[in-house]
Each structure stands twice: as C-alpha cells, then as structure tokens.
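J.: Build me a model from this:
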Amino acid sequence: MSETTKVRDGGATSAPEPAHDATARPLRAWQRRALTKYLTRKPKDFLAVATPGAGKTVFGLRVAAELLSDRTVEAVTIVTPTEHLKHQWAESAERAGIAIDSNFRNSDGVTSPDYQGVAVTYAQVAAHPSLHRVRTENRKTLVILDEIHHAGDSKSWGDAIYEAFTPAVRRLALTGTPFRSDDSPIPFVTYEPDADGALRSKPDHSYNYADALADGVVRPVVFLAYSGEASWRTSAGDEFTARLGEPLTAEQNARAWRTALDPSGEWIPAVFEAADTRLTQLRTSGMPDAGGLVIATDQESARAYAKILARIAGEQPVVVLSDDPRATKRIAEFSESEQRWLVAVRMVSEGVDVPRLAVGVYATSASTPLFFAQAIGRFVRSRRPGETASVFLPSVPVLLELASELEAERDHVLGKPHREKSGWDDELIVAANRTDNERGEEEKSFTSLGASAELDQVIYDGNSFGTPVLAGSEEEQEYLGLPGLLDADQVRMLLRKRQEEQLAKAKRNKAKETEGTKAEKPPAPTPRPASVNERLKALRKELNTLVGLYHHRTRKPHGVIHNELRRICGGPPTAMATVEQLEERIATLRSW
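T.: Numbers count the residues shown, from 1 in each chain. Alright, predicted model coming up:
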C-alpha cells in the first residue's frame with residue numbers, strides 16, 4: 001500500500017496517497033477530494049458526477065492504479081458508450097501505466113495476460129452478458145462504467161450490465177451529463193426520496209459546471225442565439241411564416257427550426273459567417289489554434305454544411321460521419337492539427353476530447369438536456385486561463401432554456417418528466433424534425449422557402465444580453481469581436497458594457513428621429529402604400545424589438561412576454577396575427 005499522507009477534504013484529515021509512479025502528475029482539487037473520499041470509505045459502488053472537461057478519465061484511472069497497486073483488484077474492465085471512447089480510454093490508461101485491451105471482442109473470450117484489463121462498449125456487454133460475468137468472476141475486478149446513464153438507455157442494457165458486473169469487487173460509475181427522468185433505475189446507482197417523494201439519484205461526489213468555472217477548470221461559454229423569419233410550404237400547399245423564438249405550437253416551431261437549418265436557405269450561411277468571424281477573432285487574440293465544430297442533424301446536411309463552410313472559411317473542413325470507419329482517426333488528426341472547422345453528426349457529442357475546440361454551431365434539431373449538455377461539453381475544456389468558448393444556436397425556447405441553465409445540477413429522477421414545466425413535448429419535436437424518408441409521402445412535400453438571420457440575444461451565466469440586430473451589422477460585429485482571453489467576470493462585465501452601449505445608441509437614434517420630425521421639411525411626395533406583407537414584416541420586427549427591450553428591463557423570458565400580450569390582447573401567435581392585432585400588442589407593450 002502507498003504511504004499515508006495528510007490530505008485535507010473538509011473534515012477529513014488523512015487518507016492513503018496514491019503511489020503509482022505513472023499517475024504521479026498532480027491532481028486537480030476536485031479529483032483529490034473525490035479520491036480522498038473514495039480511499040477513506042473504500043465503497044463497493046461509487047458514483048462521481050463531474051462536468052464535461054473536468055477530468056473524469058484521470059480520476060477513474062487514478063482509482064484503478066491505486067486498487068491495482070494494493071491488490072484490491074487484479075483486473076479492470078472499462079465500459080464506454082462508443083467504440084471511439086474505448087480506444088481513447090486505453091490510450092489514457094497507457095499513459096497512466098495501465099495496459100488496457102480496447103480491441104477485445106466477445107468472440108475472443110480472452111485477452112493476452114500482458115493486459116491488466118479490457119475496454120468494451122455497453123452494447124458489447126449487452127450482446128453477451130454471461131461472458132462478461134464469467135470474466136468478472138474469474139478475477140477480482142474493478143469495473144469503470146463511463147457515462148453510466150447509458151446503462152439506462154434500454155431495459156436490456158440495464159439488465160445486461162447488472163448481470164455482468166454484479167460479481168465485481170469494485171464498481172466506479174462516472175457521468176458528466178444530466179440524467180434523464182424515466183421509470184428505469186440505473187444499475188448500481190443509489191436512489192433516495194426527495195421532498196416530493198420521487199426517487200432521486202445520489203452521487204457520492206459532485207463537481208458541476210459552476211464549481212469548475214470558479215476553479216478555472218472549464219471555459220466560460222457565451223451563447224449567441226440567432227433568430228429570423230422562416231417560411232415554409234406544407235404538403236397541402238399552405239404557406240406559413242414564423243419567427244424563431246416566438247411562442248408557437250411544437251409542430252410550428254419544429255418546422256421553423258428545420259427551415260432555419262436548411263443548408264439552401266439564408267440562415268445557415270449567415271450564422272456560419274458569424275461563427276467563422278468569431279473563430280478568426282479567437283485565433284488572432286490569444287488562441288492561435290482555436291478550432292470550430294458544427295453539429296449537424298444528419299449526414300446529408302453535414303456534407304452540405306461543409307461546402308458552405310469551405311466557401312466562407314477558404315479551407316475545406318473535416319467531415320466526420322458515424323458510418324465512416326476512419327472517423328476516430330479523423331477526429332484525432334483534427335485534434336492535433338490547426339485546421340479551422342470540423343463538421344460532425346453525432347460522433348463528437350460525448351466524451352471525445354478535442355481541447356482546441358472553442359467555437360460551435362448547434363445546427364441540429366436535437367433538444368434533450370442530455371444531448372445538449374454532451375454537445376456543449378465539447379467546448380468547455382480549458383487549457384490555460386482566460387480561454388473562452390462561443391456557441392451559436394437557433395433562438396428557440398427549448399435551447400435558450402438549456403443554455404440559461406448550463407450551471408444547473410440535475411439528478412436521475414424516477415417517474416418524473418425531465419422538462420415537466422416547459423410545455424415542450426420532445427416526441428412532437430422529434431417527429432416534426434424527422435427526415436423525408438422517415439416521415440413518409442406526406443412530409444416529403446414539406447418545403448423550406450427560406451429563413452433570414454439576426455442575432456437575437458447573447459446568453460451568459462444564465463442572463464441575456466443585447467437586443468436583436470441584423471446579421472452582418474456593426475452591432476453584431478461588436479459581440480463577435482469579444483477578446484479571445486477573458487476570465488468569467490470579465491466576460492460578464494464586457495457583455496454588460498456592450499449592452500449598455502447598444503441601448504444608449506438606440507436611444508440616441510430615437511431622439512434624433514424625434515427631433516427630425518419637429519424640423520420643418522419640404523412637402524414630400526406621397527409614398528407608395530405599403531403592401532400587407534411589408535406592414536406585417538415591419539410590425540413583427542418592431543414588436544420583437546420591444547419584447548427584447550422589455551426582457552432586458554424585467555428579465556422575463558421572451559416567450560413569457562409574448563404569451564402575456566396574447567392573454568391581454570387576444571389573437572393567435574405573432575406569425576399568424578393581423579396588422580391590427582400586432583399594432584394593439586405594440587401599443588400595449590409601450591404602455592408597460
């Protein structure tokens with residue numbers, strides 16, 4: 001056993017200090033606290049919840065090294081969600097002096113005695129749980145369950161994990177993303193009743209994004225939400241226009257969202273242009289190798305996005321598709337290079353470590369807290385003090401809510417919907433965003449007619465900054481030009497200053513307009529009467545600008561303000577309101 005060293009962890013005063021030479025590099029504070037807790041208690045099961053980028057892999061391997069060192073265990077089995085992560089774990093283990101076979105196959109049954117363990121996937125265990133149970137019984141085994149929430153992906157996976165690893169001497173469960181709320185308990189996770197009587201998962205050690213941000217372990221994330229008017233034609237030939245972020249039905253919002261993400265429209269190129277500008281700013285102001293990632297919904301969109309990015313950035317991006325056998329190699333090569341952009345579908349959503357990623361475009365229709373947290377986790381890993389991350393996303397309520405709650409802690413709650421108060425139905429959203437092949441003949445005639453883009457708001461630390469401005473405008477460039485190296489407090493101060501300047505400028509311009517109307521002017525020619533379409537467009541824009549201003553005064557979400565106006569004035573959502581209804585809402589909002 002290693003030497004005993006005094007380690008401070010709250011009230012604890014001593015615990016065995018790991019002695020494995022290959023893991024001698026200093027641990028972060030949270031890792032030392034968690035390790036102290038583990039070595040003091042020596043539990044059979046231990047659940048560590050730590051935000052993406054905090055270093056769960058290093059912690060897990062340090063535990064493995066200690067248990068191998070004192071002969072508590074003779075072998076290690078690492079279970080991961082994907083093939084890519086198997087190899088990533090094995091590479092990290094090799095650097096820690098632990099030989100792990102990540103090429104182990106169920107058909108082999110055994111591996112070389114030179115290895116101290118294997119890395120397998122949850123699917124691999126589910127395919128032959130009895131094989132893995134025998135392997136676990138034959139040697140005293142530590143099982144590391146990476147991203148343990150995947151054991152709850154299906155009942156068969158959970159049952160297989162329980163069968164295979166019940167005989168383990170030790171089990172270490174790790175996760176960095178929110179658990180879902182459902183009726184299936186995750187194996188080897190402890191649940192306790194909460195104040196509402198629901199069973200809630202109980203971690204043995206937690207380290208959330210807010211903690212990591214305060215410690216400088218992760219980067220501050222600035223979300224730039226882009227709105228715009230989207231138009232589409234249904235299978236029945238009806239045409240609709242709606243604004244991203246307005247209170248709409250789930251189906252209408254999903255179609256507006258899908259229209260915005262259409263590579264043939266205006267929204268995607270405008271947002272890509274802004275994101276590439278931001279990437280250039282980071283590269284020239286402290287992060288010379290900064291990289292960008294576009295997360296696409298499907299392979300067809302990913303390829304189309306890559307062509308658009310190549311025109312904008314002047315450099316062909318790397319495209320990573322889930323069925324590409326070279327995907328893992330492509331990600332590794334991108335991580336070590338200085339190429340600007342990576343476009344992926346789901347390959348870079350969880351656990352993949354590309355520390356130089358600093359700009360993201362969330363160009364996917366996925367809306368669950370789990371996927372969103374996994375995706376944002378790709379950008380938060382900090383390499384040195386001051387690095388920031390910027391994520392561009394559609395201005396839709398579900399994503400704005402998730403962006404605002406980045407620092408929220410979530411546990412696994414049995415029998416309770418994970419977004420019960422939001423009014424969103426993920427099944428409707430998923431259904432509305434299915435591809436043409438999935439939706440059948442009726443939805444094949446769904447046609448995206450185009451979508452404009454404008455920077456709606458900037459979200460940071462749960463707060464919203466800025467007022468709506470057109471893409472490509474001087475005001476947008478002010479936000480895209482934020483310095484590349486800022487700490488969390490500096491980001492907040494600078495965003496607040498930008499917002500104050502923007503509001504002051506708008507006030508000065510309004511005053512000039514008022515003064516101009518008072519001055520004597522020669523008679524102007526009678527203007528051409530505005531068309532209904534022009535009047536509706538102008539009124540919608542004025543209403544949304546006022547909603548933005550009222551939001552900044554009251555901190556009420558945009559959707560709540562729109563709903564309150566509809567309750568008072570009556571009428572349908574803004575996209576379907578008449579000129580008279582819009583004018584009434586504008587007058588009402590001005591009176592507030």
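J.: Show the residue spans covered by the strands in the stretch 101-250 of the chain.
T.: Secondary structure of the stretch 101-250 of the chain (DSSP state E, counting those that start in this stretch): strands at 117-121, 141-145, 170-175, 191-193, 199-201, 205-207, 221-227, 229-233, 239-243.
J.: mind checking how far the last one is from the chain centre?
T.: What it means is strand 239-243. Its chain's average C-alpha position is 27 Å from that of strand 239-243, according to CA atoms, centre = their mean, to the nearest Å.
J.: what's the following helix or strand after that strand?
T.: Using DSSP states H and E, the helix or strand that follows strand 239-243 in sequence is helix 250-260.
J.: quick one, that following helix and strand 221-227 angle?
T.: 100 degrees (axes from the mean of the first three to the mean of the last three CA atoms, to 10 degrees).
J.: I'd like to know which elements helix 250-260 is packed against.
T.: Under the contact criterion of 3 or more CB pairs under 8 Å, 6 or more residues apart in numbering; DSSP states H and E, helix 250-260 touches strand 229-233, strand 239-243, helix 267-284, helix 426-432, strand 447-451. Where you see a C-beta, it was placed from the backbone N, CA and C, and this is true even at glycine.
J.: worst average pLDDT in the ones you listed?
T.: Note on the helices and strands packed on helix 250-260: lowest mean pLDDT is at helix 426-432, with a mean of 38.
J.: Let me see the domain layout of this protein.
T.: Partitioning the chain according to automatic domain parsing yields domains covering residues 4-207, 220-501, 531-592.
J.: Now the terminal residues of the second one, how far apart.
T.: Distances were taken as CA to CA, to the nearest Å; on that basis the terminal residues of domain 220-501 are 22 Å apart.
J.: In the stretch 401-550 of the chain, where is pLDDT below threshold?
T.: Within the stretch 401-550 of the chain, the segments meeting pLDDT under 70 span 407-446, 510, 513-533, 548.
J.: Now do the helices in it.
T.: All helices of the stretch 401-550 of the chain, identified by DSSP state H, counting those that start in this stretch, fall at 426-432, 436-444, 474-480, 488-518, 532-554.
J.: tell me, which of the strands of the stretch 101-250 of the chain is the model least confident about?
T.: strand 199-201 - the lowest mean pLDDT of the strands of the stretch 101-250 of the chain, at a mean of 80.
J.: And it, what does it pack against?
T.: Applying 3+ CB pairs under 8 Å, 6+ apart, one finds that strand 199-201 contacts strand 191-193.
J.: ok, the strand it packs on: who's next to it in the sheet?
T.: strand 199-201 (antiparallel) (DSSP bridges).
J.: What about residue 567, how many residues nearby?
T.: 8 (other CB atoms under 10 Å).
J.: distance of residue 218 from residue 377?
T.: Here the criterion is CB to CB, to the nearest Å. By it, residue 218 lies 9 Å from residue 377.
J.: sorry, that was for residue 579
T.: Distance from residue 579 to residue 377, by CB to CB: 46 Å.
J.: Check residue 144 too.
T.: Taking CB to CB, one finds residue 144 at 19 Å from residue 377.
J.: neighbour count winner among these two?
T.: residue 144 (26 against 22).
J.: Show me the beta-bridge partners of the more buried one.
T.: Beta-bridge partners, per DSSP bridges, of residue 144: residue 78, residue 172.
J.: ok, now which ones touch it?
T.: 60, 63, 64, 76, 77, 78, 79, 172, 174 (CB atoms under 8 Å, 6 or more residues apart in numbering).
J.: how about 6 Å then?
T.: Contacts for residue 144 (CB atoms under 6 Å, 6 or more residues apart in numbering) come out as 60, 78, 172.
J.: Neighbours of the second one, how many?
T.: What that stands for is residue 78. Residues near residue 78, counting by other CB under 10 Å: 29.
J.: Per-residue pLDDT of it, please?
T.: We note a pLDDT of 98 for residue 78 in this prediction.
J.: One more: the one 5 residues further on?
T.: At residue 83, the model reports a pLDDT of 84.
J.: which strand residues sit across from the residue lying closest to it once chain neighbours are set aside in the sheet?
T.: In space, and not counting its chain neighbours, residue 83 is closest to residue 121: 6.3 Å by CB to CB, 6 or more residues apart in numbering. Judged by DSSP bridges, the bridge partners of residue 121 are residue 80.
J.: now residue 87, nearest residue through space, not along the chain?
T.: residue 102 (4.7 Å).
J.: so who does that neighbour touch?
T.: Going by CB under 6 Å, 6+ apart, residue 102 touches 86, 87, 90, 119.
J.: Alpha carbons of the host helix or strand of the third one, in PDB - could you do that?
T.: By that I understand residue 90. Assigned by DSSP H and E, residue 90 falls within helix 83-95. Presented in PDB, the C-alpha positions along helix 83-95 are these (Å, rounded to 0.1, in the frame of the first residue of the first chain):
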ATOM      1  CA  GLU A  83     -16.000   2.300 -29.900                       C
ATOM      2  CA  HIS A  84     -14.100   5.600 -30.100                       C
ATOM      3  CA  LEU A  85     -14.200   6.100 -26.400                       C
ATOM      4  CA  LYS A  86     -12.900   2.500 -25.800                       C
ATOM      5  CA  HIS A  87      -9.700   3.400 -27.600                       C
ATOM      6  CA  GLN A  88      -9.500   6.900 -26.000                       C
ATOM      7  CA  TRP A  89      -9.600   5.300 -22.500                       C
ATOM      8  CA  ALA A  90      -7.000   2.700 -23.500                       C
ATOM      9  CA  GLU A  91      -4.600   5.500 -24.700                       C
ATOM     10  CA  SER A  92      -5.100   7.400 -21.500                       C
ATOM     11  CA  ALA A  93      -4.600   4.200 -19.400                       C
ATOM     12  CA  GLU A  94      -1.400   3.500 -21.200                       C
ATOM     13  CA  ARG A  95      -0.100   6.900 -20.300                       C
END
